[in-house]
Structure formats: C-alpha cells, structure tokens
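Novice: Give me a 3D structure for the following:
(chains A and B)
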Amino acid sequence: QQQVKQSPQSLIVQKGGIPIINCAYENTAFDYFPWYQQFPGKGPALLIAIRPDVSEKKEGRFTISFNKSAKQFSLHIMDSQPGDSATYFCAATDSWGKFQFGAGTQVVVTP
Amino acid sequence: DTGVSQNPRHKITKRGQNVTFRCDPISEHNRLYWYRQTLGQGPEFLTYFQNEAQLEKSRLLSDRFSAERPKGSFSTLEIQRTEQGDSAMYLCASSLGPGRYGYTFGSGTRLTVV
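Specialist: Numbers count the residues shown, from 1 in each chain, chains lettered A, B, ... in the order given. This next block holds a predicted model:
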C-alpha cells in the first residue's frame, strides 16, 4: 500500500522554467515532509523539508507548498537549471522516523 | 566524518548464493535504517535499529533476509539464497533520534542477481 502518492512520473522543462511536483498522503500521523534529490548511482540527498504547521517554505530556488486540509504538498524549482536534472522524491514520516517515499519524479531541464 | 558509508558499492552474484552488505553510519547517530530501491521506484523501508536493538521489520523482509547491528555501530544486511527479484539498490540511512534529525543516506549497494 503506497502511503505517499507522487506525480508526475517525469517532467521536461526548459532552463528557467518551474517544474512542479505534487504529492498526496493519507496518514494524518505524518508530521514531517522532506523532499530528496537523487542523481544516478547516488543515494537520496535531503533538499528541503516542511512540517504541517506552515504552508510554505523556501530554501534558495526550492519551495515547498503544504496544504494540510487537502493532505497534499508540492515542490517548485524556481529558475531551473540543467544541473537540477535528477530524480526527486517526496517523503513523509511520523515520530518513529520510518520514511514513506513517493515513487519519484524524473526531472529533465534542457539548456 | 564522511557521512554514511556502504560497502560494497556493487555486487553481482549468482542466484542461490548468499550476500552480505555493510553500513557504517555517522558516528553519533543512534538510529540506522535499511531501505530497498528498485528501478524507477522510491526507497522502501526494510528495517531499522535503535542502537543495537532491531525495532521494526517490514513485511518485505522475508526469512531469507537478516540484519544485525552489533554494539550499535555498523550494521550488516545478509540475503541468503538470493533470487533474481532481490536485484535492487540497498540503501542505508542513519539519524540522531527520529528521522527529522539529520537523516542521511549512504550511496547504496547495487545488487545484481544473475
């Protein structure tokens, strides 16, 4: 049973565009929502994370929007660059620290 | 401290053989997690340790899988009688307490069963 649903599977944008990745969850016990970036042959690396008591968080060119009532959250990559081409995973966890991951979105930023 | 270290990086084995992977967490991290990632999917939780105690095992962890964390430091994941379906990336992560505190992944061990 997939507890975190992520869409789209893949995304192609031009340099400077804003890829948007969406995730939805069911378990209301989740209270920490990170996004991970993964390059081929590497483990996932934490990009940005949010807790449900805020609706938006920005770190550099990455922004998370969080809608607690809809149980949805999304990642926006502002002014995307070819170096942002990677697979992005949303995740959710409760206080036990066991992460549930989305299926991933492959983002390609063309020059 | 160079983060979470996993060895080997790649392992090719014949079906039916046993394999063992090692994970060295960040030294002060008391929690250690194992995940499996298949191509095109997100990591799936397998098991986790708090210090040397194995606190939870996923249903994905069949009887052929065993994990240990002696002395609460490094951990090993052993797969007995490997099957082609075991081919995946095995990821280790560690954290200081619950996941939100410095949760860090290693680069993984890529297992190919032929």
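Novice: pLDDT at residue 76, what is it?
Specialist: Answering for chain A, as no chain was given. As predicted, A:His76 sits at a pLDDT of 97.
Novice: The intended chain is chain B.
Specialist: B:Thr76 carries a pLDDT value of 98.
Novice: Low-confidence ranges, chain B, go.
Specialist: Judged by pLDDT under 70, chain B has its weakly predicted residues at B:1, B:99-102.
Novice: Could you pull out the strands in it for me?
Specialist: For chain B, applying DSSP state E gives strands covering B:5-7, B:10-13, B:19-24, B:31-37, B:44-50, B:53-57, B:65-68, B:75-79, B:88-95, B:104-105, B:109-113.
Novice: Okay, A:Thr87 and chain B: tell me how far apart.
Specialist: Distance of A:Thr87 to chain B, given as C-beta to the nearest C-beta, to the nearest Å: 9 Å. For every residue, glycine as well, the C-beta is placed using N, CA and C.
Novice: An error on my part: the question was meant for A:Glu56.
Specialist: Counting by C-beta to the nearest C-beta, the gap from A:Glu56 to chain B is 18 Å.
Novice: Please name the residues that touch A:Gln3.
Specialist: A:Tyr25, A:Glu26, A:Asn27, A:Ala92, A:Gln100 (C-beta atoms under 8 Å, 6 or more residues apart in numbering or on different chains).
Novice: Same check on A:Pro44?
Specialist: A:Pro44 touches A:Tyr36, A:Gln37, A:Gln38, A:Phe89, B:Pro43, B:Leu91, B:Phe105, counting by C-beta under 8 Å, 6+ apart.
Novice: Contact residues of chain B facing chain A?
Specialist: With C-beta under 8 Å from any C-beta of the partner chain as the criterion, chain B comes near chain A at residues B:4, B:31, B:33, B:35, B:40-45, B:48, B:56, B:91, B:93, B:95, B:97-100, B:103-108, B:110.
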